[in-house]
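Chemist: Next input, structure requested:
(one chain, ligands or ions: 2)
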Amino acid sequence: MNQTTDQTHQGCIFCRKEIIGKSFCSTPLFSAFYNIAPILPGHSLLIPNKHCESLFELTDEELGEMMVFARKITSVLKTFFNCDSFDWTIQDGVSAGQTVPHLHLHIIPRKPLDLPESNEWYNKIQRSEDGILDSENRARLSEKEYNEITDRLKVACASINK
Ligand code: AMP
Ligand code: ZN
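Modeler: Ligands and ions are numbered 1, 2, ... in the order given. Next up is the predicted model:
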């Protein structure tokens, strides 16, 4: 992905400067930021800085870099949220429940008994067309809460790019 030209997409919320500015860790190609409406504590999103909708639009090298970066972020989340498991999920396409048409990997820290059924996340994905997953009713963090967690994660991730 060439980062020398503006590769944002008009109207895309994940291309907005405010979103990129809220990233708690980034590389020249990818950014990680906290979900505004986390399904569970630690629910983060990892996106390419360049606008693209699908994993199929990444080269093999970009895909490799994305997953290496995802694993680094996840290691930090593991310690920060004291969890032992993760859901790493991409809803690639509208039929799969993608609501924001800018490729993003959900990273969801998991703990024993954090959901009534440990695979409930997957059930929610299947039912996403009902608006359960990305419903406006899902609790959103206040700006203050969001900025606080972002600042703390920035500190926790400080060593990643060194
Ligand atoms: P998906 O349904 O896979 O497209 O997921 C989109 C995700 O983006 C949802 O989990 C939303 O909660 C999240 N989201 C939407 N707007 C924002 C925002 N401004 N900042 C952070 N996360 C967001
Ligand atoms: Zn975009």
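
Chemist: Confidence-wise, which helix or strand of the protein is lowest on average?
Modeler: helix 120-126 (a mean of 61; mean pLDDT, DSSP states H and E).

Chemist: Name the nearest residue to Thr150, sequence neighbours excluded.
Modeler: Spatially, and ignoring its direct neighbours in sequence, Thr150 is nearest to Phe24 (5.1 Å; C-beta to C-beta, 6 or more residues apart in numbering). For every residue, glycine as well, the C-beta is placed using N, CA and C.

Chemist: what separates that neighbour from Gln10, distance-wise?
Modeler: 25 Å (C-beta to C-beta, to the nearest Å).

Chemist: Between those two, which has more neighbouring residues?
Modeler: Phe24 (22 against 6; other C-beta atoms under 10 Å).

Chemist: Report the contact partners of His43.
Modeler: Each residue near His43 by C-beta atoms under 8 Å, 6 or more residues apart in numbering is listed here: Tyr34, Asn35, His106, Ile107, Ile108, Pro109.

Chemist: so the first one touches Ile149, yeah?
Modeler: Yes: shown here, Tyr34 and Ile149 form a contact pair, counting by C-beta atoms under 8 Å, at 5.4 Å.

Chemist: Which helix or strand contains Leu77?
Modeler: Using DSSP states H and E, Leu77 maps to helix 60-80.

Chemist: list the helices and strands that helix packs on?
Modeler: strand 30-34, strand 44-48, strand 85-89, strand 105-110, helix 143-156 (3 or more C-beta pairs under 8 Å, 6 or more residues apart in numbering; DSSP states H and E).

Chemist: could you redo the ones you listed as CSV and give each row mean neighbour count, distance to Glu18 and mean pLDDT?
Modeler: Formatted as CSV, the helices and strands packed on helix 60-80 follow (neighbours: other C-beta atoms under 10 Å; distance: least, C-beta to C-beta, whole Å; pLDDT from 0 to 100):
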stretch, mean neighbour count, distance to Glu18, mean pLDDT
strand 30-34, 23, 10, 97
strand 44-48, 23, 13, 97
strand 85-89, 15, 24, 96
strand 105-110, 21, 20, 96
helix 143-156, 14, 11, 97
